[in-house]
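S.K.: Pasted the sequence and its predicted model underneath.
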Amino acid sequence: MQPTHSIETALPMLDTVAFVFGACVGSFLNVVVWRLPRHESLLSPPSHCPHCNHRLRPWENVPILAWIFLRARCSSCRNRISVRYPLVEALVAIIFFLLWRRTLTEALPLYSLFPAFFLAGTVIAAGIIDLEHRIIPDRLLAPALLAAIVFSLLWPTASLAAPPRHPAGWLGLAGIGNQPLADWIPPYFLQSAVAVKNVLLGAVGAGVFMLAIRKVGRLLWGRTAKRAPTGSGEVLGLGDVKLLIVVGAFVGPDAIVAVIFIASLLGTLAGAAMLAFSRMRRGWSLPYAPYIAAATILWLLAETQLFALIQRFFIYI
Ligand SMILES: [Zn+2]
């Protein structure tokens with residue numbers, strides 16, 4: 001078969017494109033996680049050393065490789081450059097490569113890679129900023145929410161909640177729904193309507209559910225008590241709720257249920273592990289966004305397998 005053959009010969013090149021693109025996005029995310037919480041512009045000034053303001057030459061901006069060639073030091077003032085920069089670049093590169101490979105092996109629509117890349121980049125940035133500053137800036141979340149809406153309106157078949165991805169619409173929420181409508185609504189508008197429905201259900205569902213959990217946390221721990229797991233007197237920060245609203249807008253109502261479940265599971269396991277190694281101090285705060293990020297990316301990479309696993313889990317309990 002000719003098309004299969006041609007994709008096989010082009011595969012190493014396409015793999016490289018996905019990896020290099022991921023590394024470049026990772027490089028941009030390094031700028032985002034440094035500047036957004038400091039209320040700096042993303043566009044100006046151009047990349048520079050935070051110690052001596054040395055403006056990076058084009059080759060010093062090359063993801064991963066520049067850090068290695070510079071031997072982790074600024075070429076001007078010799079101050080150390082954190083290993084976090086190449087690590088974030090490599091992480092995003094690997095995730096983008098895996099997302100591309102999954103799209104290929106599961107024969108998902110190629111253009112659904114765009115919302116998948118966008119969502120993966122957003123949750124990684126949110127996770128790192130939360131880890132460092134215990135906030136998730138609205139300047140990150142608002143454009144992402146807007147992107148989810150624009151993607152679904154203009155490009156409904158690229159939606160991460162759309163059929164081929166979820167042919168059965170496994171909770172029955174993300175599917176077409178009212179079949180007879182399909183007979184007299186033009187296909188594009190029907191797809192748009194379904195995509196917008198999924199954005200709304202995913203976002204509103206996540207928001208209502210997480211605000212309810214926040215409320216329960218307040219009832220259990222009290223509003224000002226410092227005993228809640230996050231140390232802020234809340235079981236869940238408002239930023240975490242907003243982040244899950246954004247993820248829900250991208251993945252739709254079916255998947256957001258699973259993402260919340262996986263994130264809680266990962267958070268509980270990590271919390272239990274820290275307790276076991278007695279690293280948890282009083283007032284120690286546990287950021288939740290990294291777990292939301294991990295759960296979202298896991299879901300993007302292996303939703304078919306994860307859903308089968310969750311299904312089995314609920315059959316046993
Ligand atoms: Zn420097």
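M.R.: Noted; the coordinates are in hand. None of the values given here were measured: they were computed from a predicted structure.

S.K.: And Thr103, how far from the ion?
M.R.: According to CB to the ion, to the nearest Å, Thr103 stands 40 Å off from the ion. In this view, the C-beta of every residue, glycine as well, is placed from N, C-alpha and C.

S.K.: Got phi/psi on Asn53?
M.R.: Phi and psi for Asn53, reported as degrees, to the nearest 10, are phi 60, psi 10.

S.K.: Need the three-state assignment for the residue positioned nearest the centre of the chain.
M.R.: Closest to where the C-alpha atoms of the chain average out (CA atoms, centre = their mean) is Val123, at 3.0 Å. Three-state assignment for Val123 (DSSP: H, G, I helix; E, B strand; the rest coil): helix.

S.K.: Look up the closest residue to it, ignoring the ones flanking it.
M.R.: In space, Val123 comes closest to Ala293 once its chain neighbours are excluded; the distance is 3.9 Å by CB to CB, 6 or more residues apart in numbering.

S.K.: Same check on Thr304?
M.R.: Sequence neighbours aside, Glu106 is the residue nearest to Thr304 in space, at 7.0 Å (criterion: CB to CB, 6+ apart).

S.K.: go on, Gly121?
M.R.: Val25 (5.5 Å).

S.K.: neighbours of the one you found, just the number please.
M.R.: Neighbourhood size, Val25 [other CB atoms under 10 Å]: 23.

S.K.: How about the one 10 residues further on?
M.R.: The criterion is other CB under 10 Å. On that basis, Arg35 has 15 neighbouring residues.

S.K.: near the ion, which residues of this protein?
M.R.: By the rule CB under 5 Å from the ion, the part of the chain lying against the ion is Cys49, His51, Cys52, His54, Cys74, Ser76, Cys77.

S.K.: let's see 8 Å
M.R.: For the chain, the residues in contact with the ion (CB under 8 Å from the ion) are Cys49, Pro50, His51, Cys52, Asn53, His54, Cys74, Ser75, Ser76, Cys77, Arg78, Asn79.

S.K.: Tell me who's in contact with the residue nearest to the last one when sequence neighbours are not counted.
M.R.: The reference is to Asn79. Once flanking residues are discounted, Asn79 sits nearest to His51: 4.4 Å by CB to CB, 6+ apart. By CB atoms under 8 Å, 6 or more residues apart in numbering, the residues touching His51 are Cys74, Cys77, Asn79.

S.K.: One more: Leu306?
M.R.: With contact taken as CB under 8 Å, 6+ apart, Leu306 is in contact with Ala258, Ile262, Leu298, Trp299.

S.K.: Which helix or strand contains the last one?
M.R.: Using DSSP states H and E, Trp299 falls within helix 289-316.

S.K.: Where does Phe96 fall, secondary structure wise?
M.R.: Short version: Phe96 belongs to helix 84-105, going by DSSP H and E.

S.K.: My error: substitute Ala18 in the last question.
M.R.: In the assignment (DSSP H and E), Ala18 maps to helix 2-35.

S.K.: That helix - contacts with which helices or strands?
M.R.: Other helices and strands packing on helix 2-35, by 3 or more CB pairs under 8 Å, 6 or more residues apart in numbering; DSSP states H and E, are helix 84-105, helix 113-133.

S.K.: Out of these, which one sits most buried?
M.R.: Among the helices and strands packed on helix 2-35, helix 113-133 has the highest mean neighbour count (mean count of other CB atoms under 10 Å), at a mean of 22.

S.K.: From the contact counts, what lies against it?
M.R.: By 3+ CB pairs under 8 Å, 6+ apart, helix 113-133 packs against helix 2-35, helix 84-105, helix 138-154, helix 238-276, helix 289-316.

S.K.: Save those as a markdown table, and put in mean pLDDT and distance to Leu65 too.
M.R.: Conversion of the helices and strands packed on helix 113-133 to a markdown table gives the following (pLDDT from 0 to 100; distance: least, CB to CB, whole Å):
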| stretch | mean pLDDT | distance to Leu65 |
| --- | --- | --- |
| helix 2-35 | 89 | 9 |
| helix 84-105 | 96 | 8 |
| helix 138-154 | 93 | 27 |
| helix 238-276 | 90 | 31 |
| helix 289-316 | 87 | 24 |
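
S.K.: which one of the ones you listed is the most hemmed in?
M.R.: It is helix 238-276: most buried of the helices and strands packed on helix 113-133 by mean count of other CB under 10 Å, with a mean of 21.

S.K.: quick one: it to chain centroid distance?
M.R.: Mean C-alpha position of helix 238-276 versus that of the full chain (CA atoms, centre = their mean, to the nearest Å) differs by 11 Å.

S.K.: Let me know the angle separating it from helix 113-133.
M.R.: 60 degrees (axes from the mean of the first three to the mean of the last three CA atoms, to 10 degrees).

S.K.: Helix 238-276 packs against which elements?
M.R.: Looks like helix 238-276 contacts helix 113-133, helix 138-154, helix 187-221, helix 289-316 (3+ CB pairs under 8 Å, 6+ apart).

S.K.: how about a markdown table for the helices and strands packed on helix 113-133, with distance to Phe114 added?
M.R.: Output for these, formatted as a markdown table (distance: least, CB to CB, whole Å):
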| stretch | distance to Phe114 |
| --- | --- |
| helix 2-35 | 11 |
| helix 84-105 | 11 |
| helix 138-154 | 7 |
| helix 238-276 | 11 |
| helix 289-316 | 12 |
